Each structure stands twice: as structure tokens, then as C-alpha cells.
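Novice: Take this sequence and fold it.
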Amino acid sequence: MEYIFTFLEGFASFISPCLLPMLPIYISYFMGEEEKNTKKAAINSIGFVAGFTVVFLLLAVFASTLGMFISKYLKYIKIVFGIIIILLGLNYMEILNLKVLNNTRGVKIDVKNLNFFKALVFGMLFSISWTPCIRNIFKFSTFISC
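Specialist: Numbering: from 1, shown residues only. Purely as a prediction, here's the structure:
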């Protein structure tokens with residue numbers, strides 16, 4: 001029964017509002033800009049999935065170690081992140097002008113020469129941005145299974 005819930009959680013995260021609107025973008029990214037090579041798209045998709053699988057596995061492996069560290073120094077971590085949030089808010093309201101936060105840099109990615117390694121890195125970056133969505137789905141499923 002646990003495997004069924006795990007599968008349903010994965011499916012729910014796949015069709016979540018965080019990811020579903022972006023699927024056409026990812027598919028077109030894997031296919032390449034001009035050439036429509038399905039073999040290349042399949043290899044790039046495997047690289048993408050491997051990328052976020054690696055990150056999620058690493059997060060799982062280091063979760064207990066990080067949890068012990070956080071629980072030991074929670075008071076100090078709350079103070080540091082509280083100060084960071086205040087600085088971000090003051091920068092957003094333009095009371096402070098933190099040039100580090102106001103600079104933007106674009107990265108030009110050559111989609112024509114997309115390969116397994118680039119798709120792997122893209123999957124890793126995707127997983128970092130997708131983690132809050134997954135967390136909310138797992139909280140909901142834990143509530144359901146209780």
C-alpha cells in the first residue's frame with residue numbers, strides 16, 4: 001500500500017500547478033531548437049531525470065546530519081535568517097540599495113547543442129527550485145495517510 005501512495009504522490013507532484021504549465025517548455029527544450037530528434041530528446045530527458053534524482057537522493061542522505069546540526073544551532077540560525085529577511089525586505093522597499101541583490105545576469109544556453117551533461121545540470125537546478133512544491137505535496141499526503 002505504501003508503494004501506491006508513493007506513486008500517487010509522485011504523480012500528484014507531476015501534475016501540480018508548479019510543474020504542469022512548464023511541461024511544454026521542458027519538452028521543447030529537450031527536443032532542441034530546430035532539429036526534431038526523438039532519440040536526442042529521450043537521452044536529454046534521462047539526463048534531466050537523473051539530475052533531479054541525484055539532488056533528491058543527496059538531500060535524503062544528508063537530511064539527518066543537517067537536521068542534527070540545525071537542531072543544535074537553531075537559535076542562531078533563526079537570528080541569522082531573520083536578519084537576512086529584514087535586509088531583503090528593506091532592499092525590496094528600496095530603503096537599502098544592496099547592489100549584489102539588484103544585479104541580474106542572463107545565461108545564454110545553446111539549445112542546439114544540448115547534451116546529456118547539460119540536461120543533467122538542468123535537472124539538478126530544476127530540483128532545487130521544485131523542492132518547495134514537493135514538500136507541500138508530501139505534507140498533504142502525510143495528512144491523508146494519518
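
Novice: what's near enough to touch residue 105?
Specialist: Contact analysis of residue 105 by C-beta atoms under 8 Å, 6 or more residues apart in numbering lists nothing. C-betas here are computed from N, CA, C, even on glycine.

Novice: for it, helix, strand, or coil?
Specialist: Per DSSP: H, G, I helix; E, B strand; the rest coil, the local secondary structure of residue 105 is coil.

Novice: now residue 60
Specialist: Per three-state DSSP, residue 60 ends up helix.

Novice: Just want to check the distance between it and residue 124.
Specialist: Per C-beta to C-beta, to the nearest Å, residue 60 is found 15 Å from residue 124.

Novice: The two: which is more packed in?
Specialist: Remark: of residue 60 and residue 124, residue 124 carries more neighbours, 18 against 9, as counted by other C-beta atoms under 10 Å.

Novice: so that one sits right up against residue 49, yeah?
Specialist: No. Applying C-beta atoms under 8 Å as the test, residue 124 and residue 49 come out as separate, 11.0 Å apart.

Novice: Just give the number of residues close to residue 114.
Specialist: Neighbours of residue 114 using other C-beta under 10 Å come to 21.

Novice: Now do the helices in this structure.
Specialist: 2-14, 23-31, 38-72, 74-92, 99-102, 116-145 (DSSP state H).

Novice: Pipe those helices into TSV and attach mean pLDDT per row.
Specialist: Shown next, in TSV, are those (pLDDT from 0 to 100):
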stretch	mean pLDDT
helix 2-14	77
helix 23-31	68
helix 38-72	80
helix 74-92	92
helix 99-102	81
helix 116-145	64
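
Novice: Check residue 1 and give its pLDDT.
Specialist: Listed pLDDT for residue 1 reads 75.
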